[in-house]
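S.K.: Structure for the following, please:
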Amino acid sequence: MSEPAGILAIDAMGSDLGPSEVVHGLALALKKKPALDGILLVGQEPLLLSLLEAEKVKDNGRVRIVHASEVIDMDDRPLQAIKQKKDASMLRAIDLVKTGQAKGVLSCGNTGSLMAAGTLRLRPIEGFERPALAAIVPTENGFFILLDVGANPNTTPKQMVHNALLGKYYAQAVLGIEDPAIGLLTIGTEEGKGNELSNKSHEYLKAARGHINYHGLIEGFHVFDRTVDVVICDGFVGNILLKTCESLLINVKHYLTHQLKKNWMRRMGALLCLRAFREMKQQFNPDRYGGVPLLGLQGTIIKAHGSSNATAIQNAIDVGYNMIREHKTSALQDAVAKVNAGIEEL
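M.R.: Take a look at the predicted model:
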């Protein structure tokens, strides 16, 4: 008798913190949501059995282990790892989606290997050329979507329009914005001020306004003022921007901590502001969503940070289930076909 199909396949072995952190995050997710079911935990079975037993979730029927004997390490070369480590937990998890045994994958593992294997084995949705990584970025009073944040550093103008469509879909799914405003990140809002990629992309995006709410060009200082709901750029720029923002936030946190501990008056002032600091920490907590989706594939792939803690894993599982529920392949195929036809006419 065949096993029932799962919903989310979790690569338990790819984390920098080890499989125990992944399993702990899974246990938190199961405890928080009693209706959560259909988890396929992929990795070395004896180890995972002991970890599940320690978390007291071994025999609850909501988790099934799929054995995989190998692990793709963070310093492995993506294509080489895919060819040589055929029984790696990441690849087994992706294959579960390919064969219909799961609907999505969550992995903390090697980003290059995850993107390469996902693209090769699940293939882009018809009409899309390359997938894109999309991040949810917090602001003072909300969030915006930033993509691409690293999947495709050598983007073409046509792929930038594809990213806009994917960003629209993702903002609708996770932020609940029906008609998100989309902006193209460049060095100036004047027409023609930018490089060849931004200028051509701007032309294509204007032509696609019947399918997306294209606001137009935006600069760096527009990114956090909620001028738009979706910021699009190539994967090279997006990855640098995201990591710079993360680094700046950590730097500001350390600076404030140091300054507020300098004397007793500052410490008293900090106590008076404690509630505000807690709310700020919650708003800008990178663990809040836990993972970024690789959009544009015929299956859901969620990439969590390699150093994700249990809370981040728990929240990434939520992201995975939301993306599986909102996966709209046919709608995206229709939209991209019309956009591609419009580009061909330019």
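S.K.: show me the contacts for D95.
M.R.: R121 (CB atoms under 8 Å, 6 or more residues apart in numbering). In short, each C-beta sits where N, CA and C put it, glycine included.
S.K.: so how far is stretch 82-89 off the chain centroid?
M.R.: A distance of 23 Å separates the C-alpha centroid of stretch 82-89 from that of its chain, computed with CA atoms, centre = their mean, to the nearest Å.
S.K.: so what's K85 closest to, chain neighbours aside?
M.R.: Counting by CB to CB, 6 or more residues apart in numbering, K85 lies nearest to E70, which is 4.4 Å off, once chain neighbours are set aside.
S.K.: Do I have it right that the one you found meets I82?
M.R.: No - contact between E70 and I82 fails when scored by CB atoms under 8 Å: they sit 11.3 Å apart.
S.K.: Neighbour count: those two, which is higher?
M.R.: Between E70 and I82, counted using other CB atoms under 10 Å, the more crowded position is I82 (21 against 18).
S.K.: Nearest residue to that one in space, ignoring adjacent ones along the chain?
M.R.: In space, and not counting its chain neighbours, I82 is closest to A117: 5.3 Å by CB to CB, 6+ apart.
S.K.: Which phi and psi values does that neighbour adopt?
M.R.: When read as degrees, to the nearest 10, the backbone of A117 gives phi -70, psi -40.
S.K.: Thought M90 was touching it, still the case?
M.R.: Yes - counting by CB under 8 Å, A117 does reach M90; the two are 6.6 Å apart.
S.K.: quick one, strands of the stretch 151-300 of the chain?
M.R.: Here the stretch 151-300 of the chain has its strands, by DSSP state E, counting those that start in this stretch, at 181-185, 213-218, 230-232, 291-295, 300-304.
S.K.: Partner strands of the third one, with direction?
M.R.: Strand 230-232 has the following sheet partners, assigned by DSSP bridges: strand 142-147 (parallel), strand 181-185 (parallel).
S.K.: wait, which of these is closest to K328?
M.R.: Each of the strands paired with strand 230-232 has some distance to K328 by CB to CB; the shortest is strand 142-147, at 15.7 Å.
S.K.: how about the helices of the stretch 51-200 of the chain, start to end?
M.R.: Secondary structure of the stretch 51-200 of the chain (DSSP state H, counting those that start in this stretch): helices at 78-84, 89-98, 111-122, 157-170, 196-207.
S.K.: Give me the mean pLDDT for the longest one.
M.R.: Put plainly, it is helix 157-170. Mean per-residue pLDDT for helix 157-170: 95.
S.K.: and what of the third one?
M.R.: For helix 111-122, mean pLDDT is 91.
S.K.: before we move on, what about the last one?
M.R.: In this model, helix 196-207 carries a mean pLDDT of 94.
S.K.: list the helices and strands that helix packs on?
M.R.: Helix 196-207 sits against helix 157-170, strand 181-185, strand 213-218, helix 329-345, with contacts defined as 3 or more CB pairs under 8 Å, 6 or more residues apart in numbering; DSSP states H and E.
S.K.: Output these in JSON lines, with mean neighbour count and distance to E140 appended to each entry.
M.R.: Listed next are these as JSON lines, based on neighbours: other CB atoms under 10 Å; distance: least, CB to CB, whole Å:
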{"stretch": "helix 157-170", "mean neighbour count": "26", "distance to E140": "21"}
{"stretch": "strand 181-185", "mean neighbour count": "24", "distance to E140": "17"}
{"stretch": "strand 213-218", "mean neighbour count": "20", "distance to E140": "17"}
{"stretch": "helix 329-345", "mean neighbour count": "15", "distance to E140": "31"}
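S.K.: Out of the ones you listed, the one nearest P19 is which?
M.R.: helix 157-170 (28.8 Å).
S.K.: where does the stretch 151-300 of the chain have low pLDDT?
M.R.: For the stretch 151-300 of the chain, residues meeting the criterion pLDDT under 70 lie at 286-289.
S.K.: if we can go back for a sec, got TSV for the helices and strands packed on helix 196-207, with distance to G18 too?
M.R.: Converted to TSV, these look like this (distance: least, CB to CB, whole Å):
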stretch	distance to G18
helix 157-170	30
strand 181-185	37
strand 213-218	41
helix 329-345	35
